[in-house]
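>>> give me a 3D structure for the following:
(chains A, B and C)
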Amino acid sequence: MDDIGTYLTKMRSTAPLVQNITNYVAMNIMANVMLAAGASPAMVHAREEAGEFAAIAQALSVNIGTLDPEWVSAMEEAAGVMAAAGKPWVLDPVAIGATTLRQDAGARLLALKPTVIRGNASEIMALAGADAAGRGADAADAVSAAEAAARDLAGRTGGVAAVTGPVDYVTDGSEGWRIANGAPVMPQVTALGCSLTGIVAAFAVDQPALAATVAALAYYGLAGEQAVGLSTGPGSFQPAFLDALAAMTPETLTAGARVTRA
Amino acid sequence: MDDIGTYLTKMRSTAPLVQNITNYVAMNIMANVMLAAGASPAMVHAREEAGEFAAIAQALSVNIGTLDPEWVSAMEEAAGVMAAAGKPWVLDPVAIGATTLRQDAGARLLALKPTVIRGNASEIMALAGADAAGRGADAADAVSAAEAAARDLAGRTGGVAAVTGPVDYVTDGSEGWRIANGAPVMPQVTALGCSLTGIVAAFAVDQPALAATVAALAYYGLAGEQAVGLSTGPGSFQPAFLDALAAMTPETLTAGARVTRA
Amino acid sequence: MDDIGTYLTKMRSTAPLVQNITNYVAMNIMANVMLAAGASPAMVHAREEAGEFAAIAQALSVNIGTLDPEWVSAMEEAAGVMAAAGKPWVLDPVAIGATTLRQDAGARLLALKPTVIRGNASEIMALAGADAAGRGADAADAVSAAEAAARDLAGRTGGVAAVTGPVDYVTDGSEGWRIANGAPVMPQVTALGCSLTGIVAAFAVDQPALAATVAALAYYGLAGEQAVGLSTGPGSFQPAFLDALAAMTPETLTAGARVTRA
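I've put the predicted structure just below:
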């Protein structure tokens, strides 16, 4: 973790093809975020092609933000293809506590052992079965309240769990890291959390999941910090943030990452 | 209506969770508009969860912009939950005159007595059964031509009808109000009307529907006026508009609202 | 082709109602691009209304970016209505090489003889049955490698084929044109190719397809060149590009178009 920028360099040199089964709100901004970062996103979710496409993708992100039963089948099929091939896939359990449909989908996807799980504190707690206060897609619990749930999820999947918030927490069940980069305006822009999940998937291609996740979160948060200085509200933040993602150099990332051992 | 800003203050202090069953074009910008204003939007439309989510939402907006029969069932179920619980729900009859599918959906939703109906002149006229000239999602009739239709709809639902255009008209069937705030560039940005419907729903939580709708329209139009001065076309207008929604103070809104009794 | 600007003038004076059956990623930006240009877009794809709406639309664009079998039926029905009425329709074969679902949809739509086909080099080659290297929605072949495939497609449909890239190639099977306008940042913004397909459809209303396509591509690329000078990355490019599309005058277009006979 001394040279976070190398993970960005590696991701950009791979320009990984990442399949995203994500919600309708996120699709456009998520694709733009991933293109700006240097990845190659593809939004492919139909049951008739999700598994076939997974065979050519290098990573997969799955987001339950706007679900229906057909999509859950496509998610399971694509995740199964990735898992069988040893390719990374990342789960984003949006608003999982809100309805039975989401809870059921979350449980089925968790059983397929995602490489990384990324959510806010309320979502990580609800996915782990703990009492959570979240309503809709917004967190209502502190990151610290979700650390035990994150370790539990990582232990059950053999993967990594990331709780994002003012200071993020990432763990593989034994070791933990905190990432302090970020900007308070980010939750005021819709689907930036969803989009981050795609960035995590791109970083996880051919890189160790724990370190790749930490690096992805530091990169994203630092770009957010840079964009704040160039914007005057949540509207102008969005283009400035995309510009910052594209312009970030590995050297700047290494220098600006605020990552500490938990 | 002497202190319009108080309605904004109340909405922000509530930060209402608003469920939106809206079209694919609008989902992202509508969520961003609502977040910038200070509400908590959730795009939840699947038939398997729409009614369940409505039980925890504080308001609902329903938009028929990109329909299919499954969605109409979800809309009816969620609207039924809101109506039974005495919580506000707002109908946006996008392009209702264009196809039989939309006309049927509009009639079914109208029967569930929306708290507020918000549309352009052609849509309000078509929903009321009057001859309208609109094609697609753009208005082809003047606001003044739709005033009688608006009063008719308000009378039939016991709610409020709002016709938006260069000067908006809002009525509960007996009294009427005109709101002159707004900017000519706004129809050149897609889904700003749809997004306004979500703002109306947020304002209507725990506030009287007629006054809340007038206040929401003045707030939206005034933010548009402010954004014009900071932009050079429909592209740069959008981030400037979101910034203006977020930065608006109640005092500025009260001072800038151009609201008159019809 | 001496006065490219006249095609823009004609399109704006018509303000054509263009039905778009397009992917979820593109819907919002495509509508904004078309509104900025001066057209009237309508995203109408449900099988229950796609054909009915096609009867009132002046042109149609069909994009297979996020498919399912129901949508393919809607696409075929709407395309059939346009073809029978002699109205233009444009096919965008996004990522057609990636899955069987897309290949089948492409073949069925090709049989309905689109007025114009617009894709990147890999997509045009794959649609024509040639070996293509594209993966996902990004091109991996040079425009020059797709020229024969474009002529073949034009010959088979009796229409026009356009290969877009650093220098675009447009042909009706006999004569060919190259358009050198554009900006390297454009592939870093998602769905700008999809959105261009809608612009081609708008230009093709009541104008000859070959010349209209060339003019649409020059207009789009020139607006991109203008936006580069006003932006600092892919994020700020997007609002600047929409502003440029709206502000472009016919005189500027005629002067700035870089169109040559192939």
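>>> correct me, but residue A:18 touches residue A:199?
No. Using CB atoms under 8 Å, residue A:18 makes no contact with residue A:199, being 9.1 Å away. The way it works is simple: take the backbone N, C-alpha and C, and place the C-beta from them, glycine included.
>>> shared neighbours, those two?
Common neighbours of residue A:18 and residue A:199, counting by CB atoms under 8 Å, 6 or more residues apart in numbering or on different chains, are A:34, A:39.
>>> quick one: stretch A:228-240 to chain centroid distance?
When distances are taken as CA atoms, centre = their mean, to the nearest Å, stretch A:228-240 is centred 22 Å away from the chain's centroid.
>>> so which bits of it are buried?
Within stretch A:228-240, the residues that qualify as buried are A:228, A:230-240, counting by 16 or more other CB atoms under 10 Å in any protein chain shown.
>>> for those, which one is nearest chain C?
Nearest to chain C among those, counting by CB to the nearest CB, is residue A:239 at 3.6 Å.
>>> which elements pack onto the helix or strand hosting residue A:236?
Per DSSP states H and E: residue A:236 is located in helix A:234-247. Where contact means 3 or more CB pairs under 8 Å, 6 or more residues apart in numbering or on different chains; DSSP states H and E, helix A:234-247 is packed against helix A:27-37, helix A:209-228, helix B:27-37, helix B:234-247, helix C:234-247.
>>> returning to that earlier point: could you dump the buried residues of stretch A:228-240 into CSV with pLDDT added?
As requested, these are exported to CSV (pLDDT from 0 to 100):
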residue, pLDDT
A:228, 97
A:230, 96
A:231, 97
A:232, 97
A:233, 98
A:234, 98
A:235, 98
A:236, 98
A:237, 98
A:238, 98
A:239, 98
A:240, 98
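>>> and the spatially most central residue of chain A, what element?
By CA atoms, centre = their mean, chain A has its centre lying nearest to residue A:197, at 1.9 Å. Assigned by DSSP H and E, residue A:197 belongs to helix A:192-203.
>>> can you check residue A:169 too?
strand A:168-171.
>>> how about residue A:39, phi and psi?
phi -90, psi 170 (degrees, to the nearest 10).
>>> what ranges does chain A have for its helices?
Applying DSSP state H to chain A gives helices spanning A:5-14, A:27-37, A:50-54, A:69-85, A:100-110, A:121-128, A:147-157, A:192-203, A:209-228, A:234-247, A:250-256.
>>> need those in CSV (columns: distance to residue C:153).
Listed next are these as CSV, based on distance: least, CB to CB, whole Å:
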stretch, distance to residue C:153
helix A:5-14, 33
helix A:27-37, 27
helix A:50-54, 24
helix A:69-85, 31
helix A:100-110, 41
helix A:121-128, 47
helix A:147-157, 47
helix A:192-203, 33
helix A:209-228, 41
helix A:234-247, 34
helix A:250-256, 43
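>>> pretty sure residue A:217 sits against residue A:186.
No. Using CB under 8 Å, residue A:217 is not in contact with residue A:186; the gap is 11.8 Å.
>>> what parts of chain A come near chain B?
Taking CB under 8 Å from any CB of the partner chain as the criterion, chain A approaches chain B at residues A:23-26, A:28-29, A:65-69, A:95, A:98-102, A:135-138, A:187-191, A:231-236, A:238-239.
>>> whichever of those residues end up buried, select them in ChimeraX.
The ChimeraX selection below is limited to those of these classed as buried (16+ other CB under 10 Å):
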select /A:23,24,25,26,28,29,65,66,67,68,95,98,99,101,102,135,136,137,138,187,188,189,190,191,231,232,233,234,235,236,238,239
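>>> now do the contacts for the nearest residue to residue A:41 once chain neighbours are set aside.
Distances taken as CB to CB, 6 or more residues apart in numbering or on different chains put residue A:34 closest to residue A:41, at 3.9 Å, once the chain neighbours are dropped. For residue A:34, the contact set (CB under 8 Å, 6+ apart) comprises A:18, A:20, A:40-41, A:195, A:198-199, A:202.
>>> any idea how far residue A:171 is from residue A:155?
9 Å (CB to CB, to the nearest Å).
>>> which residues sit in contact with the residue lying closest to residue A:253 once chain neighbours are set aside?
In space, and not counting its chain neighbours, residue A:253 is closest to residue A:5: 4.3 Å by CB to CB, 6+ apart. The neighbourhood of residue A:5, defined by CB under 8 Å, 6+ apart, consists of A:249-254.
>>> ok, residue A:107 - how many residues close by?
Taking other CB atoms under 10 Å in any protein chain shown as the criterion, the count of residues near residue A:107 is 12.
>>> tell me the pLDDT at it?
Note on residue A:107: pLDDT of 95.
>>> same check on residue A:1?
At residue A:1, pLDDT is 85.
>>> for the closest residue to residue A:180 other than its chain neighbours, give its distance to residue A:221.
Using CB to CB, 6+ apart and skipping the chain neighbours, the partner closest in space to residue A:180 is residue A:258 (3.9 Å). Distance, residue A:258 to residue A:221, using CB to CB: 8 Å.
>>> intersection of neighbour lists for these two?
Each of A:179-181 lies in contact with both residue A:258 and residue A:221 under the rule CB under 8 Å, 6+ apart.
>>> from those, which is closest to chain B?
Proximity of these to chain B (CB to the nearest CB) peaks at residue A:181, which lies at 21.1 Å.
>>> related to what we said a few turns ago, could you flag which of the shared contacts of residue A:258 and residue A:221 are buried?
Buried, going by 16+ other CB under 10 Å: A:179, A:181, out of the shared contacts of residue A:258 and residue A:221.
>>> make JSON lines out of the shared contacts of residue A:258 and residue A:221 and add pLDDT and distance to residue C:80.
Output for the shared contacts of residue A:258 and residue A:221, formatted as JSON lines (pLDDT from 0 to 100; distance: CB to CB, whole Å):
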{"residue": "A:179", "pLDDT": "98", "distance to residue C:80": "54"}
{"residue": "A:180", "pLDDT": "98", "distance to residue C:80": "58"}
{"residue": "A:181", "pLDDT": "98", "distance to residue C:80": "53"}
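>>> chain C: which of the shared contacts of residue A:258 and residue A:221 is nearest?
Using CB to the nearest CB, those come closest to chain C at residue A:181, 18.3 Å.
>>> could you find the closest non-adjacent residue to the closest one?
Per CB to CB, 6+ apart, closest to residue A:181 is residue A:221, 2.7 Å.
>>> can you report how many residues neighbour residue A:255?
Neighbour tally, residue A:255, other CB under 10 Å: 11.
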